[in-house]
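S.K.: Any chance you can model this:
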Amino acid sequence: MKNIQDLTKEKFLELESAGLSLDQILDSYEGSEEEKQNFREWKNKELKEIQKDNAKAGFLTDSEREEIDQIQLTTAFIINNREIEYEIDVITSECVYGMNVFRDIFTGIRDIAGGRSDASQKVLKDLRKTCLSELRAEALSLGADAVIGVDLDYSEISGGGKSGMLFLVASGTAVKLKP
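M.R.: Have a look, this model is predicted:
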């Protein structure tokens with residue numbers, strides 16, 4: 001068994017990225033409980049720093065993501081089997097995605113040869129998912145339970161005859177549902 005004093009933070013991160021848990025790593029090293037506790041505290045401090053950085057960057061926690069996913073979206077003006085208590089506001093979400101140069105080349109070939117462009121379809125799907133997720137987040141921030149009358153408007157921002165940026169606006173009415 002190896003001595004815990006030989007366990008560097010770099011080695012620890014390497015073992016962790018290999019899929020080992022904190023306890024599995026510490027159990028494979030000899031050392032006092034105090035030394036092992038120091039590693040646990042360091043790891044918890046690192047985790048808190050990552051969470052703080054993620055919050056600053058606008059990343060969501062799992063519980064926040066679950067809350068957002070509970071917001072119902074529909075293109076209809078009603079929610080089946082639910083009554084709308086009141087309308088909150090019209091909300092929008094805007095997203096812009098770039099088409100990279102390689103995707104542009106392959107899309108150009110598809111234009112000539114015909115057929116579906118999987119790469120372009122993936123960008124459009126990612127764009128739609130992101131925009132609708134942001135619409136849900138906006139609704140949640142207003143205390144809404146659902147967004148009705150959802151509309152998606154796609155545009156292309158291009159220059160010089162080349163495809164460039166895809167632009168999507170999602171809009172709808174945030175509503176509070178009766179319990």
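S.K.: Do a quick rundown of the strands in the protein.
M.R.: Shown for the chain, the strands assigned by DSSP state E span residues 2-3, 29-30, 72-73, 84-98, 146-159, 162-177.
S.K.: possible to save those as a markdown table with mean neighbour count and mean pLDDT?
M.R.: Any C-beta I mention is one placed from the backbone N, CA and C, and that applies to glycine too. Shown next, in a markdown table, are the strands of the chain (neighbours: other C-beta atoms under 10 Å; pLDDT from 0 to 100):
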| stretch | mean neighbour count | mean pLDDT |
| --- | --- | --- |
| strand 2-3 | 10 | 72 |
| strand 29-30 | 16 | 79 |
| strand 72-73 | 18 | 94 |
| strand 84-98 | 15 | 92 |
| strand 146-159 | 15 | 88 |
| strand 162-177 | 18 | 86 |
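S.K.: Can you find the helix or strand of the chain with the lowest average pLDDT?
M.R.: The weakest-scoring helix or strand in the chain, judged by mean pLDDT, DSSP states H and E, is helix 101-113 (a mean of 49).
S.K.: Pop the domain breakdown of this structure in here.
M.R.: Domain assignment for the chain, taken from automatic domain parsing, gives 2-56, 66-177.
S.K.: could you list every residue that touches the residue nearest to Ile157 when sequence neighbours are not counted?
M.R.: In space, Ile157 comes closest to Met165 once its chain neighbours are excluded; the distance is 4.2 Å by C-beta to C-beta, 6 or more residues apart in numbering. Applying C-beta atoms under 8 Å, 6 or more residues apart in numbering, we find Met165 in contact with Val96, Tyr97, Gly98, Met99, Glu156, Ile157, Ser158.
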